[in-house]
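Colleague: here is a sequence together with a model predicted from it:
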Amino acid sequence: MNSRNMALMGGAFLALTFGAVAQDAKAPTGPIEITVGAGAGGSPDVIVRTISKIMNENKIVENPIVVQNRTGGGHSNAYNYVLGKPGDQNTLLTLASPVFTTPIVQGTPSVIDQTVPIATLVQSELVLLTPANSPYKTLQDFIAAAKENPGRIRIAGGASGGNDHLVTALLEQKAGIKLTYVPHESGGAARATFLGGNVEGHFGTLSEGLAVIQSGDARGLAILSEKRRPEDVIKDVPTAKEQGVDVVYLQFWGIGGPPKMDPALAAWWADKFKQATETPEWKEYLTKTMQITEFHGLDDAGTYFKREQDTFRELLTSVGLAKK
């Protein structure tokens, strides 16, 4: 049996385990901390703050919720903090891609195998950006310049092994080019480097990309999705596939609990997050940010996260970033 099938079976076992106790949900007492490995203003931070506010303001959750940023180490400061609080009823972890990829890159134990999967919240497509005053009008212009001067084109992104690094490596692989990846502690810091004109490229979510495109600070070269977005404000940005480069990438965020979390408490949280994603406020947020929600609760969150972990491992291995 290969590792992918074993992971899927493990996820199914978790789903059955938590599903069996879903009716015995138990609420936590006292204030709640949701730990996030991104800095203030980064996508994980904004997403978690938005849904936390919705839960409190709509009294879906009566407990006061505090979002605590624990940045550094490719989200390892955040997840190590939560891993160090087994059974804690007042702590949750924001699950962003670095929580999956950093252990693979560093060769450390999987975080997802140790935490309790609670829910997936949101997914987003990515867009490759270049400064508005750059000479690159299309993705093919960008690739041609990279082929002519290997390593000269620089990409500002988050920590090594995260989404930005992985997508950069995929673009190199698919286009047959060599780029220089410039890692930062957070996506916000990388964006500041990009907006300062110090690099030639940067990947952002559609909402992040749209903001700098509309401000006149950047040009969108390619959306990394199967098809173009229909919104008037971004419909003229073609996909990478349209331009002959088969790179499709979907970023996602979710919520997990610390090791040994009470299954009844996990069930309670899964229900509350589901209620929050069904509110008008959340749907309005998704429309505004051009994100999508494919909610997975206790019945299948474990399977979803383990499948994504397998995908990351395969991709990171294929581009030489995985450490055995």
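Modeller: Cool, the structure landed. Keep in mind that what you see is a predicted model, and the values were worked out from it rather than measured.

Colleague: that's a helix at L298, yeah?
Modeller: No - read with DSSP: H, G, I helix; E, B strand; the rest coil, L298 is coil and lies in no helix.

Colleague: right, and it touches W268 too?
Modeller: No - using Cβ atoms under 8 Å, L298 makes no contact with W268, being 10.1 Å away. Every residue, glycine included, has its C-beta placed from N, CA and C.

Colleague: where does the stretch 1-150 of the chain have low pLDDT?
Modeller: 1-23 (pLDDT under 70).

Colleague: can you tell me the element the closest residue to A322 other than its chain neighbours falls in?
Modeller: Counting by Cβ to Cβ, 6 or more residues apart in numbering, L316 is the residue found nearest to A322 once chain neighbours are left out, at 4.1 Å. Here L316 sits within helix 301-318, counting by DSSP states H and E.

Colleague: would you mark the buried spots in that helix?
Modeller: The neighbour-count check on helix 301-318 (16 or more other Cβ atoms under 10 Å) flags 301-306, 308-310, 312-313, 315-316 as buried.

Colleague: same for it, what does it pack against?
Modeller: Other elements packing on helix 301-318 under the criterion 3 or more Cβ pairs under 8 Å, 6 or more residues apart in numbering; DSSP states H and E are helix 3-20, helix 97-106, strand 116-131, helix 163-175, strand 250-257.

Colleague: please report the distance of the residue sitting furthest away from the middle of the chain from A156.
Modeller: The centre of the chain is farthest from one residue, E148, which by Cα atoms, centre = their mean lies 32.3 Å away. Distance of E148 to A156, computed by Cβ to Cβ, to the nearest Å: 21 Å.

Colleague: more neighbours, L298 and W268?
Modeller: Higher neighbour count among L298 and W268: L298, with 27 against 20, using other Cβ atoms under 10 Å.

Colleague: what's the spacing between the more buried one and I51?
Modeller: 17 Å.

Colleague: give me the number of residues near K137?
Modeller: 11.

Colleague: ok but it is inside a strand, no?
Modeller: No - assignment of K137 by three-state DSSP gives coil, placing it outside any strand.

Colleague: report the contact partners of it.
Modeller: R219 (Cβ atoms under 8 Å, 6 or more residues apart in numbering).

Colleague: 10 Å - rerun?
Modeller: 130, 219, 221 (Cβ atoms under 10 Å, 6 or more residues apart in numbering).

Colleague: just L129 next, same as before
Modeller: L129 touches 155-156, 191, 194-195, 200-204, 208-209, 212-213, 217-222, 237, counting by Cβ under 10 Å, 6+ apart.
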